[in-house]
Structures are given as structure tokens and as C-alpha cells.
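Participant: No letters, just coordinates:
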Ligand SMILES: Cc1cc2nc3c(=O)[nH]c(=O)nc-3n(C[C@H](O)[C@H](O)[C@H](O)COP(=O)(O)OP(=O)(O)OC[C@H]3O[C@@H](n4cnc5c(N)ncnc54)[C@H](O)[C@@H]3O)c2cc1C
Ligand code: SF4
């Protein structure tokens, strides 16, 4: 498909930095709305059919592996654990689990007494979730067991593999509900996407295009509507003029620094790179970084707890056949207990062999014969992994380190420590998951206690400029033509995977921008 190209001297209506779960729907929606749009991504534009291998090491090329300094009491693992660097962003290697937040989470401070309220109403979000599920053609169950009524998923749920059935058996033995997982991979043909073939390479890119990543679901729409996608283009600084408006970005491509002019700049680089760029763009006027009059850029970094319990079954399970999380159960602690805040869900697991080795060596410290013995049980393994809500804390931060990267830009320092509530929630989930595995007679059960995943926060949205970075429309309080729209705007992370919410917010932001443009408010 031919792609329009914009000149650097031409100020485009919108310049979007990042093409992932937040950026790609923005680029597509704004271009379809008649705006001139250029999307920048530091990573390459892969063609999955030609360039993705069924090889876990080769696929490391999808991850953001540039240096990041980590510290705090629980330093985060970066790289593939936490973000992608490719057109399509982290969705190129995400696990496709596509869930809605529980309505209470949008007002968790007011209704549940913890975290922070969002400036969004859940009923409006419910409509945008429906639009996002349609855009991604989510394959899911006829009736989703939790939360308010929702329309049927566009595609039928995937068949369960043995690992998913074992989650169901364990949940039933415990008297709790479970369901096939709503997934962003098609269970029937869609345009150029054939149905999923259940080979399980989803977290290493999907070479068939069944996966409805941002690369597959939104980028072609964006190009068709006249947007330009500029890949391998790392933005190092947002320029702001003396009147306090953004005028464009400095970016490096093919070894040369360049400048692209724009009327509006939207940052969608995810929870680490977004604050890094805002902080690195400080000027005499904005000494603490752009959009930072609240002092909250880079603060309230959150992750989701991703601990797991694994065991061995007597029969073969072959857990790697199919997408990794084909069934799940959600648990809301405030339904039945009050000794910690927040919720979580847990999901069936199916790590590929190299991933499984890293659990054995990294989390369990097994080497030599013990490692070989463990790997021989691979086809009999079963596992459950949680996605749990960690609470916002201003001491968890992204700041600028003095070390510089290959472009000469100061790298991000990521500081993270779990709070007491986080630890209590994790222990509760681990014991519940262990009970579930015991109920299906798994043996040699062990816990993986150190895993986290899915970042959020660092440029939170809110109703008050004193305690938020952007408003409900993802528009900076300080610089009216600077916007942030990605996982960093989350005031809380909830207890389910985040990307459907990121995409729904991006789709809402497109509509809000179109309305503002009509009223002459841009
Ligand atoms: C292994 C793994 C599995 C996951 N599985 C799931 C799942 O099953 N379900 C779910 O909901 N979520 C999942 N996630 C999380 C999900 O992928 C992210 O939450 C989501 O993609 C974040 O969206 P985003 O738009 O904020 O950022 P991203 O999707 O990461 O996109 C950011 C993009 O910005 C680019 N960028 C950053 N800085 C710059 C710059 N300065 N210049 C140019 N480009 C820049 C990056 O290269 C990147 O492509 C998973 C994540 C991982 C790592
Ligand atoms: S299992 Fe399905 S979604 Fe995953 S890589 Fe294979 S075809 Fe793609």
C-alpha cells in the first residue's frame, strides 16, 4: 500500500510519538477524521509474514532493550518483560488478553477508599470498550461472567487447551467462576488475518497475522487514511516556543538529527519513555520538564503483580499449544475480605521452552542436572499467573539518569518498591492459585514470587491541574497543544491487563479532539 509522506517543513496537524496500544488508534482515528498525521516510532516496521521467526531468541528484536537504570527495593526487569520497540509497540509481542476495568476502579478513591479517582465515567468507557473490542475483533465468550452487561464479543471464543481446562477444573473445585479469555487474536478469518493456528508464539510476535496487534489492526487503517508512519525515528526532544506552545520534535533517523514541525504533539511512548521525553524536553520556562507544573511527571509509576504458581501433572498437558492465557478467573477482594485493597485475576499459562528455562534459572536458581530434570517435565507442567493491582505511590518514579544512550540522550532511571498492600495482595493470590492447582492434583508445586509486568502511571490524568498531568481528554494542563495518551495516563492500574483500556481511551481522545476542532478549541 503506498504511503503519504509529509515534508519536515510542513507543520502537520498531529505528530504522534509511539505507535502502540495508545498511539496507533490515535494515528488511525485522527487521519480518518481528516487531520494530517505523522506517527513516529523508534523501532522498526516489521512485516510478520516475512520477518518473524518461530525462534524465541531471534524475536528479542521486538523489545526495548536500550539501557535503563533500575533501582528501589524491588528493581523492575526491563526488556521483553516490560516494553516493545517496534511499529505497533508492545502489542506486537503482548499476550492479547483484552479485558475491561471494573466500573468501581474508575472511582476507586471515592467508592473503595484507595488509589485515585479517574476523571472518566465508567458508562462512557463502556461504550469505548465496545468500540475497541470491535476494532480489534476480540474473540470471547458469549457471556462474560463479571461486571455490567456488555454486547457479545465480535468473534467466538477460542477452543480451550488442556492448561485452560485445568484452570476451569480448579476454579470449579473452589466454587469460583471462570471463563474462556477474551483475546485479540481471531477465531475466524478477518481480512488478511487467518484464524489463529495455536502454535503459541504470541509473545514473540505472531508470524501469521492472526494476532490483532496495533500493527495489524490500526496501522494499515492509518496509512490508508493518509497518515505517515516514520519508523526507526527516535524522538529526543519536544520543542516549545516562547509563547509556550509545542512547535514540533527533534528526532534522529539514519544517524542524523532532524526536526518535524507540527501544530499538535501527542506523546504515546508508554510509562517509561513518555516521562523520559517530557523531562528531557525541559526549557528555561519549563525547568522541571514539559507538562510538569504538578510535579507529577514520572511519579506514581505502577506495575502489575505477575506472580505465578506452577506444578506438574501426571498426564501430558502441552501447555504451550495455543495462546498462553486461554482461560481466566477474576477475584475482587472487596467482595469477601478487607485486609488489603485492590483486585486481581489469574490466568492459565503456557510459556515456551526458553521462557520456561528463565523461570527455572532466574526465579528458582536451578542449574545443571536439576535444571535438566525439570525441563524434562515440560510437557506435563501446568501454571496459573496473576495480574494484580499495585497501588500508586509517588516514591515509585521514572527520572533522568546521567548515563546516556546510543543517541546521546539521558537514559531513564526506574525506581520501584512494592508497598505493604501490594505484598498482601500477592500473597493472597498465590495461596488461592496454589489451592486451585492442588484441587486438580498437581504435584511439585512451586511459586514464582518475583514477577511483575504491565506499566502504568507517570503522567496521570485527573480533574485538577494541581494533582494531575493531563485532563480527561489527555490534554496537558500547561501546554494546550501537547497531549499524552498511553499507559502513563492511568491514575490506577486495576487488576486486569491494561491495553484494552489504553486503546479505548485513545479512541475516546480522537472523538474529543474532533469535537474540539469543530468548536475551534484546538
Ligand atoms: C510480555 C508482555 C505481555 C503483555 N501482554 C498483555 C496482554 O495480554 N494484555 C494487555 O492488555 N496488555 C499486555 N501487555 C501490556 C501492553 O502491551 C501494554 O500495556 C501496552 O502495549 C502499552 O501501550 P502504550 O501505547 O502505552 O505503549 P506501547 O504499546 O509500548 O507503545 C509505545 C511505542 O512508543 C515508541 N517510543 C517510545 N519512546 C519513543 C521516542 N522517544 N521516539 C519514538 N518512539 C518512541 C516505542 O518504540 C513503542 O513502540 C503485555 C506487555 C508485555 C511486555
Ligand atoms: S497461537 Fe495464534 S495468535 Fe499466537 S502466534 Fe500462533 S497464530 Fe498467532
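Facilitator: Right, received. Where do you want to start? Source: prediction; values computed, not measured. Ligands and ions are numbered 1, 2, ... in the order given.

Participant: drop to CA atoms for contacts and neighbour counts, all remaining ones
Facilitator: Will do.

Participant: A strand includes residue 388, no?
Facilitator: Yes. Looking at residue 388 with DSSP: H, G, I helix; E, B strand; the rest coil, it is inside a strand.

Participant: what pairs with it across the strands?
Facilitator: residue 305, residue 344 (DSSP bridges).

Participant: Ok, residue 211 next?
Facilitator: Once the bridges are assigned, which here means DSSP bridges, residue 211 pairs with residue 185.

Participant: quick one, what contacts it?
Facilitator: Residues near residue 211 by CA atoms under 8 Å, 6 or more residues apart in numbering: 96, 184, 185, 186, 193, 196, 202.

Participant: how near is the fifth one to residue 137?
Facilitator: Distance of residue 193 to residue 137, given as CA to CA, to the nearest Å: 11 Å.

Participant: Find the residues that touch each one of those two.
Facilitator: In terms of CA under 8 Å, 6+ apart, residue 193 and residue 137 are both contacted by the residues residue 186.

Participant: More neighbours: these two, which one.
Facilitator: Shown here are residue 193 and residue 137; by other CA atoms under 10 Å, residue 137 has more neighbours (24 against 18).

Participant: Can you report how many residues lie near whatever residue of the stretch 401-522 of the chain ends up closest to ligand 2?
Facilitator: Minimum separation of the stretch 401-522 of the chain from ligand 2 (CA to the nearest ligand atom) falls at residue 499, amounting to 16.0 Å. The number of residues packed around residue 499, counting by other CA under 10 Å, is 23.

Participant: which ones are touching the nearest residue to it once chain neighbours are set aside?
Facilitator: Leaving aside its sequence neighbours, residue 499 sits nearest to residue 21 (CA to CA, 6 or more residues apart in numbering; 6.1 Å). By CA under 8 Å, 6+ apart, the contact set of residue 21 is 88, 89, 90, 91, 214, 486, 499, 500, 502, 503.

Participant: Distance-wise, check residue 21 relative to residue 507.
Facilitator: Per CA to CA, residue 21 is found 10 Å from residue 507.

Participant: and what of residue 356?
Facilitator: Distance from residue 356 to residue 507, by CA to CA: 36 Å.

Participant: Just want to know which of these two has more residues nearby.
Facilitator: residue 507 (25 against 15).

Participant: Only the buried residues of the helix or strand containing that one, if you could.
Facilitator: Following DSSP states H and E, one finds residue 507 within helix 499-518. For helix 499-518, the neighbour count (16 or more other CA atoms under 10 Å) marks 499-511, 513-514 as buried.

Participant: before we move on, what about stretch 59-75?
Facilitator: Going by 16+ other CA under 10 Å, stretch 59-75 has these buried residues: 59, 60, 61, 62, 63, 64, 67, 68, 69, 70.

Participant: where's the closest residue to residue 104 other than its chain neighbours, which helix or strand?
Facilitator: Using CA to CA, 6+ apart and skipping residues adjacent in sequence, the residue nearest residue 104 is residue 111, 6.5 Å away. Here residue 111, judged by DSSP H and E, is contained in helix 108-112.

Participant: List the contacts of the residue of the stretch 401-522 of the chain closest to ligand 2.
Facilitator: Here residue 499 is in contact with 21, 98, 487 (CA under 8 Å, 6+ apart).

Participant: run the last query once more with 10 Å
Facilitator: 20-22, 90-91, 94, 96-100, 454, 486-487, 505 (CA atoms under 10 Å, 6 or more residues apart in numbering).

Participant: How much space separates it from residue 142?
Facilitator: 21 Å.

Participant: what do you get for residue 395?
Facilitator: 42 Å.

Participant: Worst mean pLDDT across the helices and strands of this structure, which element?
Facilitator: Across the helices and strands of the chain, mean confidence by mean pLDDT, DSSP states H and E is lowest for helix 333-336: a mean of 59.

Participant: for the residue nearest to residue 499, helix, strand, or coil?
Facilitator: Residue 21 ends up coil, using three-state DSSP.

Participant: Tell me, please, where in this protein the pLDDT is lower than the cut-off.
Facilitator: The model of the chain has pLDDT under 70 over residues 332-338.

Participant: Sheet-wise, list the partners of the longest strand anywhere in it with their directions.
Facilitator: Longest strand in the chain by number of residues (criterion: DSSP state E): strand 256-267. Using DSSP bridges, strand 256-267 pairs in its sheet with strand 12-17 (parallel), strand 246-253 (antiparallel), strand 482-484 (parallel).

Participant: Please determine whether the first one lies in contact with ligand 1.
Facilitator: Yes. Contact between strand 12-17 and ligand 1, assessed by CA under 6 Å from any ligand atom, occurs at residue 17.

Participant: Show me how far that strand is from its chain's centre.
Facilitator: 22 Å (CA atoms, centre = their mean, to the nearest Å).

Participant: And the next helix or strand past that strand?
Facilitator: helix 23-32.

Participant: can you map out the strands along the stretch 401-522 of the chain?
Facilitator: 410-415, 443-448, 452-456, 482-484 (DSSP state E, counting those that start in this stretch).

Participant: Tabulate those strands (TSV), appending mean neighbour count and distance to ligand 1.
Facilitator: Formatted as TSV, the strands of the stretch 401-522 of the chain follow (neighbours: other CA atoms under 10 Å; distance: least, CA to the nearest ligand atom, whole Å):
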stretch	mean neighbour count	distance to ligand 1
strand 410-415	23	11
strand 443-448	16	16
strand 452-456	23	5
strand 482-484	27	10
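
Participant: quick one, phi psi at residue 183?
Facilitator: phi -130, psi 150 (degrees, to the nearest 10).

Participant: quick one: contacts for it?
Facilitator: With the criterion set at CA under 10 Å, 6+ apart, residue 183 makes contact with 95-99, 133, 136-141, 153, 155, 157-158, 211-212, 323, 325-327.

Participant: So which of those residues are in strands?
Facilitator: 139, 140, 155, 327.

Participant: quick one: the last one from ligand 2, how far?
Facilitator: Residue 327 sits at a distance of 14 Å from ligand 2 (criterion: CA to the nearest ligand atom, to the nearest Å).

Participant: Use 24 as the first number for this chain going forward.
Facilitator: Got it, the first residue is 24 from now on, which makes the last one we talked about residue 350.

Participant: Ramachandran angles for the nearest residue to that residue once chain neighbours are set aside?
Facilitator: Closest residue to residue 350 in three dimensions, ignoring its sequence neighbours and counting by CA to CA, 6+ apart: residue 203, at 4.2 Å. Here the main-chain torsion angles of residue 203 (degrees, to the nearest 10) amount to phi -60, psi 140.

Participant: quick one: residue 203 and residue 353 touch, right?
Facilitator: No. With contact defined as CA atoms under 10 Å, residue 203 does not count as touching residue 353 (11.7 Å).

Participant: Just want to know which of the two has more residues nearby.
Facilitator: More crowded of residue 203 and residue 353, by other CA under 10 Å: residue 203, with 25 against 21.

Participant: what sits against the more buried one?
Facilitator: 162-167, 180-183, 187-188, 191, 348-352, 370-371 are the contacts of residue 203 under CA under 10 Å, 6+ apart.

Participant: Ok, residue 246 next?
Facilitator: 24, 25, 26, 27, 50, 51, 54, 55, 60, 61, 252.

Participant: doesn't it fall inside a strand?
Facilitator: No. Using three-state DSSP, the assignment for residue 246 is helix, not a strand.

Participant: Which residues are in contact with residue 515?
Facilitator: Contacts of residue 515 by CA under 10 Å, 6+ apart are 128-132, 137-141, 323-326, 365, 412-415, 479-480, 483-484.

Participant: for residue 532, same thing?
Facilitator: Remark: with contacts taken as CA under 10 Å, 6+ apart, residue 532 is in contact with 45, 48-49, 52-53, 495-498, 506, 508, 526, 538.

Participant: got TSV for these, with distance to residue 451 too?
Facilitator: TSV is the format used below for those (distance: CA to CA, whole Å):
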residue	distance to residue 451
45	32
48	36
49	38
52	41
53	44
495	33
496	36
497	35
498	38
506	38
508	33
526	30
538	45
